[in-house]
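*Asks:* Give me coordinates for this.
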Amino acid sequence: MATQREFSIFDLFKFANVNLDPLTETFDTNFYGTYVVTWPDCCQTVFNAMGTIQGYVLGKIEGRRDDDLAKNWHGHVSAVTVAPEFRREGLARKLMDILEKITSVIYNGFFVDLFVRATNKVAIALYKALGYDVYRTVKGYYSSENPKSSSSRDPILTIASLTYIFSSSGLKTLR
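*Replies:* Numbers count the residues shown, from 1 in each chain. Model prediction:
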């Protein structure tokens, strides 16, 4: 059973089990701190009864709120990850659902988007199962990207953009 709450800066001392996974992007302390202070409701963690962090989502709200024509006021997923030992329990879906609801209900956002490495097939499959579509591909997004490298850590980046959320009741927009 997972319990959810806002991500705390103190979680940085307890999330090694999540961030040591090679598919998880890890950021510097300032990055996490900025998110926790600026968008605390968009940063959520789930943990078990023993207090072990099972996963988290770091999100933010961006775009132009006052531009109804462009409709680009939206949530952005900077990181969503689940510790390997807690995968296949629906936690990533739960974390994404939380951010989508916060984007829609609290911020009145139009959609949620995210970036994912093109080689991260597991994540891409998850996002597609959640109703996300590939919007475009950007070369050179990650600083570790090297076109001569054959490493799976250096691919091009796919942007998945959510225009619609698919639910069991059918197609619905965020707004």
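
*Asks:* Pull the contacting residues for K60.
*Replies:* Contact analysis of K60 by C-beta atoms under 8 Å, 6 or more residues apart in numbering lists Y35, T38, W39, C42, G75, H76, S78. For the C-beta atoms, the positions are set from N, CA and C on the backbone; glycine is no exception.

*Asks:* you'd agree the third one is up against G59?
*Replies:* Yes. Counting by C-beta atoms under 8 Å, W39 touches G59, with 6.5 Å between them.

*Asks:* Name the residue in the two with the higher neighbour count.
*Replies:* Higher neighbour count among W39 and G59: G59, with 27 against 22, using other C-beta atoms under 10 Å.

*Asks:* How about that one: what's its closest non-neighbour residue?
*Replies:* Residue nearest to G59 in three dimensions, not counting chain neighbours: C42, with 3.6 Å by C-beta to C-beta, 6 or more residues apart in numbering.

*Asks:* got a pLDDT number for the one you found?
*Replies:* Looking at C42, its pLDDT reads 95.

*Asks:* and L99, how many neighbours?
*Replies:* L99: 26 neighbours (other C-beta under 10 Å).

*Asks:* Could you grab the helix/strand/coil label for it?
*Replies:* Applying DSSP: H, G, I helix; E, B strand; the rest coil to L99 yields a three-state assignment of helix.

*Asks:* Skipping adjacent residues, who's closest to it in space?
*Replies:* G59 (4.5 Å).

*Asks:* Okay, and that neighbour sits in which element?
*Replies:* strand 53-62 (DSSP states H and E).
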